[in-house]
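J.: With the sequence up front, the predicted model follows.
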Amino acid sequence: MPSIILSKNPFRDAERYIQLKKICAPESWADSINRMNDMILMPFIVIFLYILRKADVFLIASTIARTYQVWKDFVDYTHLRFEVQKMLIHTKVVGGPFITTNDPRYLPYVFADAVVRTT
């Protein structure tokens, strides 16, 4: 059976995952729509305004910077989501978890603890 390649620093990954989850998977639908706007809609609007020669340099630069940051956060979140999933699988394989939490938001720390204890 092939082994799972785990993170070298699981607590750092768990912390970053929790931070990015608040941003990339918000509980409010308004925040989700705002995020989709920054990722998809605003770049198209700026391209359209540029074609019409109505967009200034600052609008273009700020939109590019914001779109880049939003997509970077989303890609990092997706990668860390799979890392947390691997930690969850490892925790179950080794018979864990060894600690508990009352708040499901902090479960990635529980999985990171199991990885640190067993590797």
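T.: Sure thing, it's come through. Residues are numbered from 1 along each chain as shown.

J.: Dead centre of the protein: give me the residue that sits there.
T.: Tyr77 (1.7 Å; C-alpha atoms, centre = their mean).

J.: pLDDT wise, what is it at?
T.: Tyr77 carries a pLDDT value of 98.

J.: separation between it and Val84?
T.: 10 Å (C-beta to C-beta, to the nearest Å). All C-beta spots, glycine's among them, are computed from the backbone N, C-alpha and C.

J.: List the residues that contact the closest residue to Ile23 other than its chain neighbours.
T.: Counting by C-beta to C-beta, 6 or more residues apart in numbering, Ile23 lies nearest to Asp73, which is 5.8 Å off, once chain neighbours are set aside. Contact partners of Asp73, counting by C-beta atoms under 8 Å, 6 or more residues apart in numbering, are Leu20, Ile23, Cys24.

J.: which residues does the nearest residue to the last one once chain neighbours are set aside contact?
T.: In space, and not counting its chain neighbours, Cys24 is closest to Tyr77: 4.1 Å by C-beta to C-beta, 6+ apart. Taking C-beta under 8 Å, 6+ apart, we find Tyr77 in contact with Tyr17, Leu20, Lys21, Ile23, Cys24, Ala25.

J.: hmm, who's touching the helix or strand encompassing Tyr17?
T.: Assigned by DSSP states H and E, Tyr17 belongs to helix 10-24. Contact with helix 10-24 is made by 7, 35, 73-74, 76-77, 80-81, 83-84, 87, 105-106, 108-109, 111-112, 115-116, as judged by C-beta under 8 Å, 6+ apart.

J.: Is it possible to mark the buried ones in the contacts of Asp73?
T.: Using 16 or more other C-beta atoms under 10 Å as the burial test, these include Leu20, Cys24 as buried.

J.: Looking at the contacts of Asp73, spot the one nearest Asp56.
T.: The closest of those to Asp56 turns out to be Ile23 (C-beta to C-beta; 28.1 Å).

J.: State the distance from the closest one to Val70.
T.: Counting by C-beta to C-beta, the gap from Ile23 to Val70 is 9 Å.
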